[in-house]
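Visitor: Would you be able to build a 3D model of this:
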Amino acid sequence: MGGLAALAVMVAGDVRGQAGLIKPGVNNTITLSAYADNWCTIFINGKMVATDSIDFLPHNQISVKILPEYPMTIAVLAKDNADPATGLEYGTQIGDGGFILKLGDGTVTSATWKAKNFFKGPLNSDTRNPVVQHTPIPANWFAKDFDDSAWAFATEYTAARVGPDGDYVANDFTNAKFIWTDDLNLDNTVIFRTTVQKPANYVKTWNTTPNLDVSALPAEIGGTTTVLTNAGAVGELINLSTRAQVGTGDGVLIPGLVVGGATAKRVLVRAVGPTLATFGVTGVLADPTLTVFSGSTTIASNDNWQDAAGSSLVAIAAAGAGAFALPAGSKDSALVLTLAPGAYTLRVAGVGGTTGVALVEVYTLP
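Guide: From the prediction side, this is the model:
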């Protein structure tokens with residue numbers, strides 16, 4: 001009887017009757033399916049679990065396996081394909097958005113989710129003289145303890161209204177609703193949030209925690225000094241961040257970095273000026289430019305991160321590296337580069353000889 005009782009406990013999946021460490025298996029995972037018009041990145045309990053790898057077009061359905069940990073906070077940044085300066089797509093058109101998600105535990109998008117817009121335009125649907133409104137995206141919008149209590153609830157839309165295409169599979173989203181804010185046409189950057197409690201019949205069947213702790217990644221790479229880790233005799237740059245006053249002439253900000261080892265390193269480089277004001281910094285550099293040099297040779301430069309062709313890569317890289325998001329249309333500068341081993345110089349200056357406080361950051365990327 002004792003053996004049969006023990007077997008019954010094992011089948012029920014109750015770890016209280018088992019000795020030792022029990023690891024999760026593939027059978028403990030559930031499928032996350034999501035589709036956005038046009039792009040999204042998804043966080044669960046503060047960790048990025050999925051990002052659309054195709055920049056805006058074509059529309060792309062994401063399906064990944066996740067290991068649920070309840071209560072489960074889901075946070076999604078979704079973007080419509082809109083010019084940050086005009087809010088228009090393809091030059092003259094007003095686009096529309098839409099997002100839908102379903103988890104294997106039955107969680108679906110609906111009007112119970114919170115939704116807030118951070119980029120609206122063209123205001124009043126004026127395509128002849130387009131004006132846009134950008135709201136800074138708050139820090140840690142993806143965190144479990146972020147306060148979204150003042151946000152409005154999402155609005156549900158029919159699939160016919162959103163018009164999904166690409167590789168959208170309707171059967172993957174049974175009972176889920178397309179959601180957005182109350183303005184499907186003019187709201188272009190939207191964050192959704194919800195918290196899911198464990199299902200009534202759910203029993204956690206493992207009792208281990210990972211030795212690989214990726215939850216601390218934002219803190220580990222978000223410091224204000226260069227951090228080195230030694231693998232044998234090779235040092236690898238993890239993060240560099242420094243804040244200083246940017247002047248003119250010889251007073252511009254010129255930090256340097258060295259990529260060691262024998263292989264190239266993919267990095268995110270940012271010069272943040274106006275967005276610092278959202279963190280209470282005064283006297284910020286209103287419009288920084290960023291130039292990367294190898295010796296006297298210019299490797300790359302940027303003024304206004306979303307004006308560049310790789311702006312979506314910058315947003316994805318920042319989310320993956322744990323860096324705070326740059327608001328759509330901000331005049332901060334950023335680049336995603338692949339740097340060969342060697343010494344580099346970063347030059348940060350103000351457009352038109354302007355001055356102010358700026359933050360220079362370098363993050364290593366996978």
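Visitor: helix or strand for Ser312, which one?
Guide: Per DSSP states H and E, Ser312 falls inside helix 311-321.
Visitor: How about residues contacting that helix?
Guide: 39, 41, 43, 48, 51, 55-56, 77, 142, 221, 268, 270, 305, 308, 323-326, 334-336, 363-366 (C-beta atoms under 8 Å, 6 or more residues apart in numbering). (Each C-beta comes from the backbone N, C-alpha and C, glycine too.)
Visitor: Can you give me the neighbour number for Tyr70?
Guide: Here the number of neighbours of Tyr70 (other C-beta atoms under 10 Å) works out to 14.
Visitor: per the record, what domains does this structure have?
Guide: According to automatic domain parsing, the chain comprises the domains 14-196, 214-364.
Visitor: For the nearest residue to Ala115 once chain neighbours are set aside, grab the count of nearby residues.
Guide: The shortest distance from Ala115 to any non-neighbouring residue, by C-beta to C-beta, 6 or more residues apart in numbering, is to Ala154 (3.9 Å). When counting by other C-beta under 10 Å, one arrives at 25 neighbours for Ala154.
Visitor: any idea how far Ala154 is from Ala111?
Guide: Going from Ala154 to Ala111 by C-beta to C-beta, to the nearest Å gives 6 Å.
Visitor: same check, this time on Asn81
Guide: Shown here: Asn81 relative to Ala111, a distance of 24 Å by C-beta to C-beta.
Visitor: before we move on, what about Phe118?
Guide: Phe118 is 20 Å from Ala111, by C-beta to C-beta.
Visitor: got it, and Tyr90?
Guide: Tyr90 is 30 Å from Ala111, by C-beta to C-beta.
Visitor: More neighbours: these two, which one.
Guide: Taking other C-beta under 10 Å, Tyr90 and Ala111 do not tie; Ala111 has more neighbours (11 against 8).
Visitor: how about that one, what does it touch?
Guide: Phe153, Ala154, Thr155, Glu156, Lys177, Ile179.
Visitor: Can you list which of the residues you listed are found in helices?
Guide: Applying DSSP state H to the contacts of Ala111, no entry is found in helices.
Visitor: got any residues that touch both of Ala154 and Ala111?
Guide: Ile179.
Visitor: how about the helices of the stretch 101-250 of the chain, start to end?
Guide: Using DSSP state H, counting those that start in this stretch, the helices found in the stretch 101-250 of the chain span residues 159-162, 217-221.
Visitor: For the protein, give me the ranges with low pLDDT.
Guide: 1-19, 56-58, 212-239 (pLDDT under 70).
Visitor: run the last query once more with 50
Guide: 1-17, 216-235 (pLDDT under 50).
Visitor: what about the most centrally placed residue in it, distance to Thr51?
Guide: Nearest to the mean C-alpha position of the chain, counting by C-alpha atoms, centre = their mean, stands Ala319 at 3.1 Å. Computed with C-beta to C-beta, the distance linking Ala319 and Thr51 is 7 Å.
Visitor: got the contact list for the closest residue to Ala262 other than its chain neighbours?
Guide: Setting aside the residues directly before and after it, Ala262 is nearest to Pro341 in space (C-beta to C-beta, 6+ apart), at 6.4 Å. By C-beta under 8 Å, 6+ apart, the contact set of Pro341 is Val259, Gly260, Gly261, Ala262, Thr263, Ala264, Lys265.
Visitor: Just give me the neighbour total for the first one.
Guide: This means Val259. 20.
Visitor: Next one: it from Met48, what distance?
Guide: Counting by C-beta to C-beta, the gap from Val259 to Met48 is 25 Å.
Visitor: ok, now the fourth one?
Guide: Applying C-beta to C-beta, one obtains 29 Å for the distance of Ala262 from Met48.
Visitor: Cool, thanks, signing off.
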